[in-house]
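> return a 3D structure for these sequence lines:
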Amino acid sequence: MISLNKIIQAKRNIDGFVAKTPFGFAPKLSKIAGADIYLKKENLQITGAYKVRGAFNKIANLDDNAKKCGVVAASAGNHAQGVAISAKHFGVKAIIIMPEAAPLSKVSGTKALGAEVILKGNNFDEAYAYALEYAKDNNMSFIHPFDDELVQAGQGTIALEMLDEVSNLDYMVVPVGGGGLISGVASCAKQINPDIKIIGVSAKGAPAMFESFKDKCQHNSKSVRTIADGIAVRDASQITLSHILECVDEMVQVDDEEIANAILYLLEQQKIMVEGAGAVSVAAILEGKFEFKKSAKIGAILSGGNIDVQTLSIIIEKGLLKSHRKMIINVTLIDKPGALMALGDVLRSTGANIVKIDYDRFSTKLSYGDAKITITLETKGKEHQDTIEKALKDAGYEFTQEF
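Here you go, the predicted structure:
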């Protein structure tokens, strides 16, 4: 495990630059879980994610010659911004290699912090391979996102802050991608209190570390696919796996649907915006992925908040449909004056609010003289939608509903 002295020294290095983020009690989530849940809000970090801790600590430890030559990093986004802002602080040139599919918000954010961005590869691992070559060819220092003790020690400072505020935590729930965060956090927590249970949470669409933990040997994946792009790592690291096997008590998985639900829950109920990777710890709690005593004190790390706006929009739309607050119906009408008004009167009588209407009379699937109407409604729950369906049937309308 990473020595506690290295983590304490990392805390000294980052103090004054990296924010000490809030670690607050979550009453609504606690009521649902039946335990005391505390949220470590790294989404409020200066770059919107915890990664700046490890990046700053690593660059702070470079010698003057290495700083003069510059640094290279590979990242899906959050490590990129952490390296960029840290390099800028020390006056060091930074080249960041990002996957071609990296969210625009993370690419733009990295450039805005003064780094040069090169897009290369279909995923993190392909970007990583190119970054290693680039660093070697240009005599620059490679800042690894997780396979580096100084980086891991920087991430471990999160546990120091959590235990400083709630010293009697029973569990820490930690997102897992490459394993740098949980290596540092688990190493720190277990040395301070060996009785703390460390729960790692990975995305089902990036199963390498979960499978490696389960079988106690390194596994790689053929591909990854998850909305939690911050933990979408294809191959397991032998270095971080060794720390995980030593310090982590349990690993669980959450799928994209569960991650999306957690994002929406945090946004609505906790007024917190997180990205997919940042939501996995809460998803594991909401979905009951691990067992705990009802009196337990649980610290969950929200690792980042740099969510792509388009992804957030899709999650919100799907969430409104699933929670019966939005309803989309398709109705075929005879295309004549007053037909749409009559349909509108039926919907008005139910108290439904029409927010969008699409009127199509040119589809080849329609009979001559018909029109297909797609109506989007704001509704007040399942009972309200049942009322709408009954009113339409009673009025003689045939319809289908989109989910």
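> which other helices and strands contact the lengthiest helix in the chain?
With secondary structure taken from DSSP state H, the chain has its longest helix at helix 149-165. The contact analysis (3 or more CB pairs under 8 Å, 6 or more residues apart in numbering; DSSP states H and E) places helix 149-165 against helix 4-14, strand 23-25, strand 36-41, helix 52-60, helix 180-192. C-beta here means a position set from N, CA and C on the backbone, and glycine is covered the same way.
> what's the following helix or strand after that helix?
strand 171-175 (DSSP states H and E).
> ok so residue 329 is a helix residue?
No. Judged by DSSP: H, G, I helix; E, B strand; the rest coil, residue 329 forms no part of a helix; its state is strand.
> can you pull the contacts of the residue nearest to residue 46 when sequence neighbours are not counted?
Nearest-residue entry for residue 46: residue 19, 5.3 Å, with adjacent residues in sequence omitted and distances by CB to CB, 6 or more residues apart in numbering. When the contact criterion is CB atoms under 8 Å, 6 or more residues apart in numbering, the partners of residue 19 are 44, 45, 46.
> any of those residues buried? List them.
Buried residues within those, counting neighbours by 16 or more other CB atoms under 10 Å: 44, 45.
> adding secondary structure and pLDDT, write the contacts of residue 19 out as CSV.
Formatted as CSV, those follow (DSSP: H, G, I helix; E, B strand; the rest coil; pLDDT from 0 to 100):
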residue, secondary structure, pLDDT
44, helix, 97
45, coil, 97
46, coil, 94
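> re the thing from before, before we move on, what SS does the residue nearest to residue 46 have?
Assignment for residue 19 (three-state DSSP): coil.
> check what pLDDT it gets.
Looking at residue 19, its pLDDT is 97.
> how near is it to residue 8?
18 Å (CB to CB, to the nearest Å).
> same deal with residue 98?
From residue 98 to residue 8 the distance is 32 Å (CB to CB).
> who has more neighbours out of the two?
residue 98 (26 against 15; other CB atoms under 10 Å).
> my guess is the more buried one contacts residue 109, does it?
No. In this structure, residue 98 is not within contact of residue 109 by CB atoms under 8 Å, at 10.9 Å.
> residues that sit against both of the two, list them.
Common neighbours of residue 98 and residue 109 (CB under 8 Å, 6+ apart) are residue 77.
> picking that back up, tell me the one of the contacts of residue 19 nearest residue 193?
residue 45 (24.4 Å; CB to CB).
> would you mind measuring from that closest one to residue 52?
Distance from residue 45 to residue 52, by CB to CB: 6 Å.
> mind listing the shared neighbours of these two?
The contact lists of residue 45 and residue 52 share residue 18, where a contact means CB under 8 Å, 6+ apart.
> quick one: the strands in the stretch 251-400 of the chain, in order.
Using DSSP state E, counting those that start in this stretch, the strands of the stretch 251-400 of the chain run over 297-302, 326-334, 353-360, 370-378, 399-402.
> just checking, next helix/strand downstream of the lowest-mean-pLDDT helix or strand in the chain?
The least trusted helix or strand in the chain, going by mean pLDDT, DSSP states H and E, turns out to be helix 104-112, with a mean of 86. The helix or strand immediately downstream of helix 104-112 is strand 116-119, counting by DSSP H and E.
> buried residues in that next one?
Buried-residue list, strand 116-119, by 16+ other CB under 10 Å: residue 117.
> name the helices or strands packed onto that strand?
strand 94-98, helix 104-112.
> and whichever helix or strand comes after it, which residues are buried?
Next along the chain after strand 116-119, taking DSSP H and E as the criterion, comes helix 124-137. Residues of helix 124-137 classed as buried under the neighbour-count rule (16+ other CB under 10 Å) are 124, 125, 126, 127, 128, 130, 131, 134, 135.
> nearest to residue 342, of those residues?
Distances from residue 342 to the buried residues of helix 124-137, taken by CB to CB, are shortest for residue 124, at 55.5 Å.
> show me the protein divided up by domain.
4-49+149-318, 52-142, 324-402 (automatic domain parsing).
> average pLDDT for the shortest one?
The average pLDDT for domain 324-402 rounds to 93.
> how long is it end to end?
One end of domain 324-402 sits 12 Å from the other (CA to CA, to the nearest Å).
> offset the numbering so it begins at 47, please.
Okay, using 47 as the starting number, the last item reads as domain 370-448.
> turn the helices and strands packed on helix 195-211 into a markdown table, columns for mean pLDDT and distance to residue 151.
As requested, the helices and strands packed on helix 195-211 are exported to a markdown table (pLDDT from 0 to 100; distance: least, CB to CB, whole Å):
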| stretch | mean pLDDT | distance to residue 151 |
| --- | --- | --- |
| helix 50-60 | 98 | 24 |
| strand 69-71 | 97 | 25 |
| strand 82-87 | 98 | 19 |
| helix 98-106 | 98 | 16 |
| helix 226-238 | 98 | 21 |
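> need these in a markdown table (columns: distance to residue 392).
Below are these laid out as a markdown table (distance: least, CB to CB, whole Å):
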| stretch | distance to residue 392 |
| --- | --- |
| helix 50-60 | 62 |
| strand 69-71 | 47 |
| strand 82-87 | 45 |
| helix 98-106 | 56 |
| helix 226-238 | 54 |
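> and the closest residue to residue 104 other than its chain neighbours, how many residues sit next to it?
Distance criterion CB to CB, 6+ apart; nearest residue to residue 104, sequence neighbours excluded, is residue 196 at 4.5 Å. Neighbourhood size, residue 196 [other CB under 10 Å]: 22.
> could you check the angle helix 98-106 makes with the longest helix of the chain?
Angle of helix 195-211 versus helix 98-106, following axes from the mean of the first three to the mean of the last three CA atoms, to 10 degrees, is 130 degrees.
> buried residues in helix 195-211, which are they?
195-209.
> just want the angle from it to strand 343-348.
140 degrees.
> next one: helix 195-211 to chain centre, how far?
20 Å (CA atoms, centre = their mean, to the nearest Å).
> same check on stretch 352-364?
That offset, for stretch 352-364, works out to 11 Å (CA atoms, centre = their mean).
> next one: stretch 201-218
That offset, for stretch 201-218, works out to 21 Å (CA atoms, centre = their mean).
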